[in-house]
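> Structure for this input, please:
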Amino acid sequence: MALAGEMQQKTGAPKPAARAFKPLEMPELEYTPGLAREMAPLYEKVKHVIPSIEWPFFAPYIHAINRLKKERGAVVLAHNYQTPEIFHCVSDIAGDSLQLAKEAAKVDADVIVQCGVHFMAETSKLLNPEKTVLIPDVKAGCSLADSITGADVRLLRKKFPGVPVVTYVNTSAEVKAESDICCTSSNALQVVESFGTDRVLCIPDEFLAKNIAKQTSVKILTWKGHCEVHERFTAEELRQYRRDDPNIVIIAHPECPPEVVEEADFSGSTSGMINWVKEHQPKRVVMVTECSMSDNVAVENPNVEFVRPCNLCPHMKRISLKNILESLVYMREEVTVDPAVAVRARAAVERMINLGN
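Purely as a prediction, here's the structure:
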């Protein structure tokens, strides 16, 4: 693998032998009485978010995926926006995109199956260069990542010479490579202020940048990139929830427009929202983010009633049990990053990680 060779040149370490993966036979997918009994404890965990009528379809796939993971020496990473049958039933590691990649680096596995969108699989490859990274559907993209290119960042550097470039992890490896450092929605403020400058470019999420700008004296220059899920929420929508139930609690992701965040009781990253619900245990809550996250958080918070404003990410929903299984059987689709890009992109991600440490 080219990236492993690049690491050899830097470290002098011998290049590991590439492991050859052969296609396997597609397993039988039949919901038998025996399988029903075997899978019953798992269904008990998710029964209030997965209808019983759907379980006989899901269970054979879940059983086959979990068996093939062991055969392949694979781990399945699932983002918080995956549906419950993926998030709770086949994933080994679940969380936000950076958390997934960092945790995968600690796992003794040859193969990573990324149940998320393409930039997440790239980030996993950056931090795990010697592992095989697969994404079940290579067309699982992201409106935010697609809003900017490496060429755009180079033009921004010419327009604002000397201004540090902070890039959201929700971007391609090419864009990360043109940046000084990456950030997440949970550490963006810390990263922006770490330079000690009066101006910083924070790209590409315009709303994240504007929400962070309210918390710092640093002038933040923005780019007009948006998440197509979070940009659809409106302040009036949230006010209507409060008119319907004055006691309802609203928590919002900072990728939402600033006027939406202003209406919320709490705003935080994906992990921040999850931890807030666990800690506060509100009676009724609206999580102003991708709809499947409410289902996943509900599994571990049965006493909380979730009011779901169902904005779904069409890209995340390209990942299914069927194509996860096919990914393991046929070892597709493999995600690679050009070695020259990978060196610089990984440096931007690692600067952020080291700043946190």
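
> Once you drop chain neighbours, what's closest to Met120?
In space, and not counting its chain neighbours, Met120 is closest to Ser97: 4.3 Å by CB to CB, 6 or more residues apart in numbering. C-betas here are computed from N, CA, C, even on glycine.

> Check the burial of that neighbour by counting its neighbours.
For Ser97, the neighbour count with other CB atoms under 10 Å is 25.

> Does it touch Tyr168 like I think?
No. Assessed by CB atoms under 8 Å, Ser97 is found out of contact with Tyr168, at 10.0 Å.

> Can you work out which residues contact both of the two?
Thr184 (CB atoms under 8 Å, 6 or more residues apart in numbering).

> where in the stretch 1-150 of the chain is pLDDT low?
1-20 (pLDDT under 70).

> now the strands for the stretch 151-300 of the chain?
Remark: strands assigned in the stretch 151-300 of the chain by DSSP state E, counting those that start in this stretch are 165-168, 181-183, 199-203, 219-221, 249-252, 266-267, 284-288.

> Those strands: which one's closest to Glu30?
When those are compared by CB to CB, strand 284-288 sits nearest Glu30, at 36.6 Å.

> OK, contacts around the residue positioned nearest the centre of the chain?
The centroid of the chain falls nearest to Ser97 when counting by CA atoms, centre = their mean (3.2 Å). Counting by CB under 8 Å, 6+ apart, Ser97 makes contact with His79, Gly116, Phe119, Met120, Thr123, Val169, Asn170, Thr184.

> Which residue is most remote from the mean position of the chain?
Taking CA atoms, centre = their mean as the measure, the residue most remote from the mean C-alpha position of the chain is Pro33, 35.8 Å away.

> how far away is that residue from Pro41?
Noted for Pro33: a distance of 16 Å to Pro41, by CB to CB, to the nearest Å.

> where are the low-confidence patches of the stretch 201-350 of the chain?
With pLDDT under 70 as the threshold, the stretch 201-350 of the chain has no low-confidence stretch at all.

> give me phi/psi at the residue nearest to the centre of the chain?
Note on Ser97: its backbone torsions stand at phi -60, psi -50 [degrees, to the nearest 10].

> Please report how far the residue farthest from the centre of the chain lies from Met287.
Applying CB to CB to Pro33 and Met287 gives a distance of 38 Å.

> repeat for Val113
Val113 sits 26 Å away from Met287, going by CB to CB.

> more neighbours, those two?
Higher neighbour count among Val113 and Met287: Val113, with 30 against 25, using other CB under 10 Å.

> pretty sure that one belongs to a helix, no?
No. Counting by DSSP: H, G, I helix; E, B strand; the rest coil, Val113 is not part of a helix but strand.

> quick one, domains of this protein?
Per the record, the chain has its domains at 2-140+317-330, 145-227, 232-312, by automatic domain parsing.

> What helix or strand is Leu68 located in?
Per DSSP states H and E, Leu68 falls inside helix 55-72.

> quick one: that helix to chain centroid distance?
22 Å (CA atoms, centre = their mean, to the nearest Å).

> again with stretch 219-226
With CA atoms, centre = their mean, you get 21 Å for stretch 219-226.

> same deal with stretch 320-335?
The answer for stretch 320-335 is 18 Å, by CA atoms, centre = their mean.

> Ok, stretch 93-106 next?
9 Å.

> If you tally nearby residues, what's the number for Leu144?
25.

> For it, list the residues it contacts.
Going by CB under 8 Å, 6+ apart, Leu144 touches Tyr168, Asn170, Thr171, Pro204, Asp205, Gly225, His226, Cys227, Glu228, Glu255.

> Helices of the stretch 1-150 of the chain, start to end?
Remark: helices assigned in the stretch 1-150 of the chain by DSSP state H, counting those that start in this stretch are 2-11, 33-46, 55-72, 84-87, 97-104, 118-127, 150-159.

> Give me the contacts around the longest one.
When contacts are taken as CB under 8 Å, 6+ apart, the neighbours of helix 55-72 outside the stretch itself are 21, 24, 27-31, 35-36, 38-39, 42-43, 50, 74-76, 85, 89-90, 92, 110-111, 113, 321-322, 324-325, 328-329, 331.

> Show the buried residues in those.
21, 27, 35, 39, 42-43, 50, 74-76, 85, 89-90, 92, 111, 113, 321, 324-325, 328-329, 331 (16 or more other CB atoms under 10 Å).

> quick one, helices of the stretch 151-300 of the chain?
Under DSSP H, counting those that start in this stretch, the stretch 151-300 of the chain gives helices at 173-177, 188-193, 206-213, 235-244, 258-263, 270-280, 291-300.

> Isn't Leu201 up against Phe195?
No. Applying CB under 8 Å as the test, Leu201 and Phe195 come out as separate, 10.5 Å apart.

> Overlap of the contact sets of those two?
Pro164.

> Which one's more surrounded, those two?
It is Leu201, of Leu201 and Phe195, that has more neighbours when counted by other CB under 10 Å, with 23 against 15.
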